[in-house]
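[1] Any chance you could fold what I've pasted below:
(2 chains)
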Amino acid sequence: MPIEPRHLLDLARRLVGPAPGAIEADLRRGISTAYYALFHLLIKEAMTSFVTDPSFRPRVARALQHGPMKSVCEKYNPARPNGAGQFVTQQSHGFPAQIIAPDVRQIAAAFIALHEAREQADYDDGATIQHTEALAAVQQAETAFQAWLTAQADSSSVAFLQELLCRSIIKR
Amino acid sequence: MASVTDFLNQFDEEGRYSALDGVLDVVFATRGDGRYPGKLHFSNGLCVRAKMEGGGDWAYPDNSPLNGIRFLLDFGDTSVHGIAIDQGRIVHLDEAQRQPTKREFLINFGIARNLFAHPRVTADSPSIDTATMARTLARAAIWLTPKSVAGFNAADFPELGLDRQRELQSAVQDFLAVARQVPADKPATDEQYGNASVAFLKLLDILGPYLPLPDEAKKVEAALRSVDFPTWVVNWDYELGSDSDGAAAVWVNVFADEQTVPRQHLGRAASELTTKVRQAFSASGVDRWPYIRMKTSFEHKAGLR
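    Numbers count the residues shown, from 1 in each chain, chains lettered A, B, ... in the order given. Presented below is the predicted three-dimensional model:
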């Protein structure tokens, strides 16, 4: 049965809860699950868009890797706009320069933030995770899910997914 | 949970259980902070069984006294206690106390120093009155917590000389005297804020040389000062470091006001703040990715590091 990103997001919400009270282990798992919800959303969208044979999708999906995906997200988050006030990707890895839709930038930024939050939640024993931080992480994932609904109408979202897939494969 | 004294008072000088037969509730502990409730069973004054709830137990098939077993027990104080069972008698071994280090103290104090320096007061606003400013300062004074000097031990600073060590000790005591009166979920009063500030400035005067600010940190701090944080942010702090991929990063700790923090929109707020901080960094030539961490002022004051 395929992984359903929406269910992971629901689980993250339940683990963290709307108000303080969850134990730290739940908060940590909530942050991690929020990240994985977004991770699998992007993979699912990429697979549905570019792999026509559904039976082949799970195998291709395994090619996507966290690090290269984060690098692509950084590319889709340039620090400064160009002279026209547009945020544009640099031409690289065979992909042309691309004007980035604000929603795509937001999703990419959420991925970067959640990727790091998940590293802390899963591995940093010295950190104390508290409710506000965990709730913010879950809500960032929620916001990214919402943003995807509108981002997918823009051509930069297609290029974004293509790069997520191709950069992971090139790395292998 | 009984104190260690209450526990030990139930045994005679040789470690025999005074009530002769019975069961005592205990909490077995590990040095890794594991806690496992359990029971010690006594027969004729000697321990014949130690049982962990939901776990195994220690006992001989013939119910003879336990021998040569050592446990760590937790009595709810700051340390765990080593207990040996010798021929069924209870022997208190030691207090396996973990001493905080000078480094831990300086980390705690360094965070407090930053929070002391970053309160969000729009002092340049012509409309703000002194009472409002005082309230805002007190609300932002999340450095006013015993945690700020946790791990302090004057003996860790022999290089200061005896007189300066005494001054330091005295300033810490003055600070703690106020900090312990301020509830984690309420701002300090004007008087508490004033008294604590005096003590804190004294601490800064003595400990400043232990907390150097590298040039890049000064640049980051200046950039963050230019950020227009939302009104519900009462204070902020930052840490320089490398992220999980080894890239240069800054963790920006944003402390939100308990009453006004928009709990329904934290995700969006974090995204917007990331954008603002990146713009400020870009304008200041700081090439580090900012990671926003949100806490409420209560979480900072009440929580552990």
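
[2] Check the burial of residue 86 by counting its neighbours.
    Went with chain A since none was named. 10 (other CB atoms under 10 Å in any protein chain shown). C-beta here means a position set from N, CA and C on the backbone, and glycine is covered the same way.

[3] wrong one, chain B
    Other residues near residue B:86 number 17, with proximity taken as other CB under 10 Å.

[4] cool, residue B:254 as well?
    By the criterion of other CB under 10 Å, residue B:254 has 28 neighbours.

[5] I'd like the mean pLDDT over the host helix or strand of it, please.
    In the assignment (DSSP states H and E), residue B:254 maps to strand B:248-256. Strand B:248-256 comes out with an average pLDDT of 93.

[6] ok, which stretches of chain A are helices?
    A:5-16, A:24-50, A:57-61, A:66-75, A:102-123, A:131-151, A:155-171 (DSSP state H).

[7] for the longest one, packing partners?
    Taking 3 or more CB pairs under 8 Å, 6 or more residues apart in numbering or on different chains; DSSP states H and E as contact, the helices and strands that helix A:24-50 lies on are helix A:5-16, helix A:57-61, helix A:66-75, helix A:102-123, helix A:131-151, helix A:155-171.

[8] can you do 7 Å?
    helix A:5-16, helix A:57-61, helix A:102-123, helix A:131-151, helix A:155-171 (3 or more CB pairs under 7 Å, 6 or more residues apart in numbering or on different chains; DSSP states H and E).

[9] for it, which positions count as buried?
    A:26-47 (16 or more other CB atoms under 10 Å in any protein chain shown).

[10] Residue of the stretch 151-300 of chain B nearest chain A, please.
    residue B:267 (2.7 Å; CB to the nearest CB).

[11] Which helix or which strand is home to that residue?
    helix B:266-284.

[12] Residue of chain A closest to chain B, please.
    Closest point on chain A to chain B, by CB to the nearest CB, is residue A:139, at 2.7 Å.

[13] Up against chain B, what does chain A have?
    Neighbours of chain B within chain A, by CB under 7 Å from any CB of the partner chain: A:67, A:70, A:79-80, A:106, A:109-110, A:112-113, A:116, A:119, A:128, A:130, A:132-133, A:135-136, A:139-140, A:142-143.

[14] Any quick PyMOL command for the buried ones out of those residues?
    The buried subset of the residues of chain A next to chain B, as determined by 16+ other CB under 10 Å, is captured in PyMOL by this line:
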select buried, chain A and resi 70+106+109+110+112+113+116+119+130+132+133+135+136+139+140+142+143
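
[15] can you pull the contacts of the nearest residue to residue A:42 once chain neighbours are set aside?
    Leaving aside its sequence neighbours, residue A:42 sits nearest to residue A:164 (CB to CB, 6 or more residues apart in numbering or on different chains; 5.9 Å). For residue A:164, the contacting residues are A:42, A:46, A:64, A:69, A:72, by CB atoms under 7 Å, 6 or more residues apart in numbering or on different chains.

[16] ok, now with 10 Å
    Residue A:164 sits next to A:42-43, A:45-46, A:64-65, A:68-73, A:76, A:108, A:111 when contact means CB atoms under 10 Å, 6 or more residues apart in numbering or on different chains.

[17] And residue B:273, by the same measure?
    By CB under 10 Å, 6+ apart, the neighbours of residue B:273 are A:136, B:227, B:228, B:229, B:230, B:233, B:236, B:252, B:254, B:290, B:292, B:294.

[18] if you set the cut-off to 6 Å instead, what comes out?
    Applying CB atoms under 6 Å, 6 or more residues apart in numbering or on different chains to residue B:273 gives the contacts residue B:292.

[19] Between helix A:24-50 and the worst-scoring helix or strand of chain A on mean pLDDT, find me the angle.
    Least confident helix or strand, chain A: helix A:155-171 with a mean of 87, by mean pLDDT, DSSP states H and E. Counting by axes from the mean of the first three to the mean of the last three CA atoms, to 10 degrees, helix A:155-171 lies at 100 degrees to helix A:24-50.

[20] Quick one: low-confidence residue ranges for chain A.
    Along chain A, the model assigns pLDDT under 70 to residues A:170-172.

[21] I'd like the distance between the most far-flung residue of it relative to its centre and residue B:287.
    No residue in chain A sits farther from the centre than residue A:83, which is 28.2 Å out by CA atoms, centre = their mean. Applying CB to CB, to the nearest Å, the value for residue A:83 to residue B:287 is 21 Å.

[22] buried ones in the helix or strand hosting residue B:299?
    Assigned by DSSP H and E, residue B:299 falls within helix B:297-302. Under the neighbour-count criterion of 16+ other CB under 10 Å, helix B:297-302 has B:297, B:298, B:299, B:300, B:301 buried.

[23] And what about the closest residue to the fourth one other than its chain neighbours, helix, strand or coil?
    With CB to CB, 6+ apart as the measure, residue B:142 is the residue that lies nearest to residue B:300, at 5.0 Å, once sequence neighbours are left out. Residue B:142 carries the three-state label coil when classified by DSSP: H, G, I helix; E, B strand; the rest coil.

[24] you'd agree residue B:142 is up against residue B:299?
    No: taking CB atoms under 6 Å as the definition, residue B:142 is not a contact partner of residue B:299, at 9.5 Å.

[25] what about the helices in chain B?
    Counting by DSSP H, the helices of chain B are B:4-8, B:102-117, B:130-140, B:162-179, B:190-207, B:215-225, B:266-284, B:297-302.

[26] now the ones you listed in JSON lines, with distance to residue B:47 and mean pLDDT?
    As requested, the helices of chain B are arranged in JSON lines below (distance: least, CB to CB, whole Å; pLDDT from 0 to 100):
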{"stretch": "helix B:4-8", "distance to residue B:47": "13", "mean pLDDT": "88"}
{"stretch": "helix B:102-117", "distance to residue B:47": "37", "mean pLDDT": "88"}
{"stretch": "helix B:130-140", "distance to residue B:47": "54", "mean pLDDT": "68"}
{"stretch": "helix B:162-179", "distance to residue B:47": "41", "mean pLDDT": "92"}
{"stretch": "helix B:190-207", "distance to residue B:47": "49", "mean pLDDT": "91"}
{"stretch": "helix B:215-225", "distance to residue B:47": "56", "mean pLDDT": "91"}
{"stretch": "helix B:266-284", "distance to residue B:47": "52", "mean pLDDT": "93"}
{"stretch": "helix B:297-302", "distance to residue B:47": "39", "mean pLDDT": "84"}
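
[27] Looking at the ones you listed, spot the one closest to residue A:58.
    helix B:266-284 (29.6 Å; CB to CB).

[28] in stretch B:74-89, what counts as buried?
    In stretch B:74-89, counting by 16+ other CB under 10 Å, buried: B:74, B:75, B:79, B:80, B:81, B:82, B:83, B:84, B:85, B:86, B:88, B:89.

[29] oh, I was asking about stretch B:47-61
    Result for stretch B:47-61 [16+ other CB under 10 Å]: buried residues B:47, B:48, B:49, B:50, B:51, B:52, B:58.

[30] Quick check: the farthest pair among the residues you listed?
    Largest pairwise distance in the buried residues of stretch B:47-61, by CB to CB, is 15.5 Å, between B:48 and B:52.

[31] show me what contacts residue A:140?
    Contacts for residue A:140 (CB under 6 Å, 6+ apart) come out as A:110, A:113, B:267, B:270.

[32] Which of those sits closest to residue B:244?
    Residue B:244 lies nearest to residue A:113 out of those, by CB to CB, at 12.1 Å.
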